[in-house]
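> Below are the sequence and a predicted model; questions follow.
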Amino acid sequence: MIACRLLGPVEVTQDGGAAPPGLLWRKHLALLIYLALSPKRTRTRDHLIGLLWGDREESAARHSLREAVRQLRQALGSDAVLTEGQHIRLAGDCVVLDATEFERLMTERHSGLAAALVTGDFLEGFSVPDASAFEDWLAAERLEWRRRAAAACRDHATRCVNDGRTAEAVAAARRALALEPLSDVAAQALMRAEALHGDRAAALDAFALFARRVRQEAGAEPAAATTGLAERIRQARGPAPPVRDRADDRPWTRRAPLVGRTAALGRLVELWEQAAAGRGATVALLEGDLGHGRTRLLDELARRVTLAGGAVASVLAVRSDRDEPWSGVTGLARGGLGSMPGVAAARSEALAPFVAHVPEWADRFPGAREDCLALGPAFREIVAAAAHEGPVLLAADDAQCLDDESLLALQSTLRDLRQGRVMLALGLLPGRWHVALDEIRSGLGETWPGAVIPLERLTDAEVGALAAWALPSFDAAALDRVTRRVALDSAGIPLLVVELLHAVTLGLDPAQAGSWPAPFRTLSQTLPTDLPDAVVGAVRVGFRALSKPAQSALAALAGLPDRAPEALIGRVAQLDSAALQPALAELEWQRWINAEARGYAFVARIVRDIVARDMLTPGQKRRLAELAGLTPA
């Protein structure tokens, strides 16, 4: 059997070894490849003569074709090349092409494997100079295969983005743009991948470079969709990655791939797409214990919605919100609702209560009337105005801490906007339901479409996949050893898996511990004193790896209430704005803390408790409490 690699420098083998020399003559090989790629692997004699021997007299050209067919039969077998009247046909599967394998993989939606087959231009370095018709065909094929390869890379980038493998998505999108440097679609794929990877500066740099290339080489401007995406990336809020100051093989971020969470993210995106398409208000209840990735998934969803042109309002609820009426609604008002396109079209009576409760709204809507609606009806009207302009995502993490008034307002908004382009996404601890949440949940599938999306612990195989990402220099035996230890010490809780692996990259050797959490208990029911020493040690190691200002800011936040504004953190940490803002950005990028309009909070309460218990002395706690104006514990 002859195998031909066409998607790059040409390579021909026979049964795994060297091909016969006669087959490698340029026109003989050109004939073989052309026949193998032809419809039904058949061409007429006249067509082939015109393709490869058009510059010769007819008798000499026909003799050359017969000689080429003889060489093919000698290499492939007498039954492999058939002549039927004026037709020459390549029989069966005597020739295997990587181009055919590419098409099969794309049909089966394995675009990553298909893209990997392409190592260069089609028949790179191959030519038949005295066959102009063949050279014309070859030039057209090279353009076509560049297009196909770019499409495979773009599709692979999209699939990687959907699975949370953003680093892989960036690499695939870069390759797509290299193949089609003037393609707006490829540029958008790279910008989207970079933004979702967390590097907005790189996304905007990619846009600037693409725009310059289009102007210089095509005398045109980027498409409106490309420019619009750049503007959405520019306006998006989020931490920037720190500058890496050393070259090593350790992961430069604790923002791990979404191993074990791709199905949940896919379901969230699917529900959003249904709502955005106008199929009615949709609900997603993301249910998982502490450290299971609820916050990360809601963040990933929100970023995808923003890049797609949707509007997002989000709130991170804390325990004190439960007893503060309307804190959830006003949190959403501060967390993006007020800046949504279309809100200004709401009646003045609906804007007025938010102007009264949310200082940021007063500057934007100075003409709001004093005779205002109640907050509940006003919230419904404002969401309706925003949804009339475009699809809207309302997201609340730790929604079990939301106040009843806000939950009832969300419920009535869903009911009133049943046909609207609205999605409500709530992150919840399992089993922490109260009446208002129960009513939202009971409406799933009947009153409004949606789903409960449970988040389970990671399997040993998933822990192993994260270990391979975090420790690329480890051999199989070392990875297996670390995986078993981390799986045991973390109990498969994603937050702790990543924390332990990050600490291993910094030199921690996790020791095995007994099974935990205790039977019938969840992490949210586990005190820091019940955690394995390896977990506590991992948090300590990660804390010490932070910059000094970031350590100060994190220690200050650990001694403050559940959520603290930037100014209070700076005062307690004794950091001026020039030092505080990079420190908070570092902590947010490294996923120690989350930010929202009302302040900062730890991503995981269990980590906060460890920092407060193990990184602060009693004297430091008293000093921080005095600086914050709090009563020391």
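Here it is on my side, so go on.

> which residues touch the helix or strand hosting Lys27?
Assessed by DSSP states H and E, Lys27 sits inside helix 26-37. Helix 26-37 has contacts (CB atoms under 8 Å, 6 or more residues apart in numbering) with 2, 4, 6, 10, 12, 22-23, 41-43, 48, 51-53, 64-65, 68-69, 71-72, 88-90, 95, 97, 99, 123, 126-128, 131, 134, 137, 141. Any C-beta I mention is one placed from the backbone N, CA and C, and that applies to glycine too.

> Separate out the buried members of the residues you listed.
When the contacts of helix 26-37 are checked for burial by 16 or more other CB atoms under 10 Å, the buried set is 2, 4, 6, 10, 12, 23, 41, 43, 48, 51-53, 64-65, 68-69, 71-72, 88-90, 95, 97, 99, 123, 128, 131, 134, 141.

> Got the domain ranges for this structure?
2-133, 262-454, 460-541, 546-628 (automatic domain parsing).

> Go through those and name the closest to Ala256.
Each of these was scored for nearness to Ala256 using CB to CB, and the closest is domain 460-541 (4.7 Å).

> how far does the closest one stretch from start to finish?
By CA to CA, to the nearest Å, the extent of domain 460-541 from end to end equals 24 Å.

> quick revisit: just the contacts of helix 26-37: which are in helices?
Among the contacts of helix 26-37, DSSP state H puts 48, 51-52, 64-65, 68-69, 71-72, 99, 134, 137, 141 in helices.

> ok, of the residues you listed, which one's closest to Leu557?
Distances from Leu557 to the ones in helices among the contacts of helix 26-37, taken by CB to CB, are shortest for Ala99, at 57.0 Å.

> can you tell me which residues contact the spatially closest residue to that closest one that is not a sequence neighbour?
Using CB to CB, 6 or more residues apart in numbering and skipping residues adjacent in sequence, the residue nearest Ala99 is Leu6, 5.0 Å away. Counting by CB under 8 Å, 6+ apart, Leu6 makes contact with 33, 97-99, 122-123.

> Now pLDDT and distance to Ile606 too, for those residues, in TSV please.
TSV is the format used below for the contacts of Leu6 (pLDDT from 0 to 100; distance: CB to CB, whole Å):
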residue	pLDDT	distance to Ile606
Ile33	94	61
Leu97	94	55
Asp98	95	51
Ala99	95	53
Phe122	95	55
Leu123	95	58
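
> Tell me the one of those residues nearest Asp323?
Lowest distance from Asp323 to those (CB to CB) belongs to Asp98, with 65.2 Å.

> Walking through the stretch 101-250 of the chain, point out its helices one by one.
With helices called from DSSP state H, counting those that start in this stretch, the stretch 101-250 of the chain shows them at 111-117, 132-162, 166-179, 184-196, 200-218, 224-235.

> For the fifth one, name the packing helices and strands.
Judged by 3 or more CB pairs under 8 Å, 6 or more residues apart in numbering; DSSP states H and E, the packing partners of helix 200-218 are helix 184-196, helix 224-235.

> which outside residues touch it?
By CB under 8 Å, 6+ apart, helix 200-218 touches 177, 181-182, 187, 190-192, 194-195, 220-222, 226, 229-230, 233-234, 236, 238, 240.

> Quick check: mean pLDDT of it?
The pLDDT scores in helix 200-218 average 95.

> Please renumber the chain so that the first residue is 165 from this point on.
OK, 165 is where the count begins now, so the last one is helix 364-382.

> Alpha carbons of it, as CSV, please.
In CSV, the C-alpha atoms belonging to helix 364-382 read as follows (Å, rounded to 0.1, in the frame of the first residue of the first chain):
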residue,chain,number,x,y,z
ARG,A,364,-7.4,41.4,27.1
ALA,A,365,-4.2,43.3,26.2
ALA,A,366,-3.1,40.5,23.9
ALA,A,367,-6.6,40.4,22.4
LEU,A,368,-6.4,44.1,21.6
ASP,A,369,-2.8,43.8,20.3
ALA,A,370,-4.0,41.1,17.9
PHE,A,371,-6.8,43.4,16.7
ALA,A,372,-4.3,46.3,16.2
LEU,A,373,-1.9,44.1,14.3
PHE,A,374,-4.7,42.7,12.1
ALA,A,375,-6.2,46.2,11.4
ARG,A,376,-2.8,47.5,10.3
ARG,A,377,-2.2,44.5,8.0
VAL,A,378,-5.6,44.9,6.4
ARG,A,379,-5.0,48.6,5.8
GLN,A,380,-1.5,48.0,4.4
GLU,A,381,-2.2,44.9,2.3
ALA,A,382,-5.8,45.3,1.2
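
> Compute the inter-axis angle for it and helix 348-360.
Here the directions of helix 364-382 and helix 348-360 differ by 160 degrees (axes from the mean of the first three to the mean of the last three CA atoms, to 10 degrees).

> buried residues in helix 364-382?
364, 366-368, 370-371, 374-375, 378.

> Distance to Leu201 added to the residues you listed, as TSV?
Below are the buried residues of helix 364-382 laid out as TSV (distance: CB to CB, whole Å):
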residue	distance to Leu201
Arg364	43
Ala366	39
Ala367	38
Leu368	42
Ala370	35
Phe371	37
Phe374	33
Ala375	37
Val378	33
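
> just these now: which is nearest Leu593?
Closest to Leu593, out of all of the buried residues of helix 364-382 and judged by CB to CB, is Arg364, at 31.3 Å.

> Just the C-alphas of stretch 460-476, formatted as CSV.
This file holds the C-alpha atoms of stretch 460-476, laid out as CSV (Å, rounded to 0.1, in the frame of the first residue of the first chain):
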residue,chain,number,x,y,z
ARG,A,460,-15.5,30.2,37.9
LEU,A,461,-18.3,28.8,35.7
LEU,A,462,-20.5,31.9,36.2
ASP,A,463,-17.5,34.1,35.3
GLU,A,464,-16.8,32.0,32.2
LEU,A,465,-20.4,32.3,31.1
ALA,A,466,-20.5,36.1,31.7
ARG,A,467,-17.4,36.6,29.7
ARG,A,468,-18.7,34.6,26.8
VAL,A,469,-22.0,36.5,26.9
THR,A,470,-20.1,39.9,26.9
LEU,A,471,-18.0,38.9,23.9
ALA,A,472,-21.1,37.7,22.0
GLY,A,473,-22.7,41.2,22.5
GLY,A,474,-25.0,40.3,25.3
ALA,A,475,-25.5,42.4,28.5
VAL,A,476,-24.5,41.1,31.9
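
> got the buried residues for it?
460-472, 474-476.

> repeat for stretch 739-748
739, 743-744, 746-748.

> neighbours around Asp773, how many?
18 (other CB atoms under 10 Å).

> Helix or strand: which one has it?
Using DSSP H and E, Asp773 sits within helix 769-778.

> Please compute how far that helix lies from its chain's middle.
The chain centroid and the centroid of helix 769-778 are separated by 29 Å, computed with CA atoms, centre = their mean, to the nearest Å.

> Over to stretch 758-773?
22 Å.

> same deal with stretch 444-459?
17 Å.

> What distance separates the opening and closing residues of stretch 702-717?
End-to-end for stretch 702-717, by CA to CA: 19 Å.

> Check which residues of it are buried.
702-707, 709-710, 713-717.

> Kindly reformat the residues you listed as CSV containing pLDDT, secondary structure and distance to Cys317.
Below are these laid out as CSV (pLDDT from 0 to 100; DSSP: H, G, I helix; E, B strand; the rest coil; distance: CB to CB, whole Å):
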residue, pLDDT, secondary structure, distance to Cys317
Ala702, 79, helix, 37
Val703, 83, helix, 39
Arg704, 82, helix, 42
Val705, 81, helix, 38
Gly706, 82, helix, 35
Phe707, 86, helix, 40
Ala709, 83, coil, 35
Leu710, 88, coil, 36
Pro713, 92, helix, 40
Ala714, 92, helix, 37
Gln715, 91, helix, 41
Ser716, 91, helix, 44
Ala717, 92, helix, 40
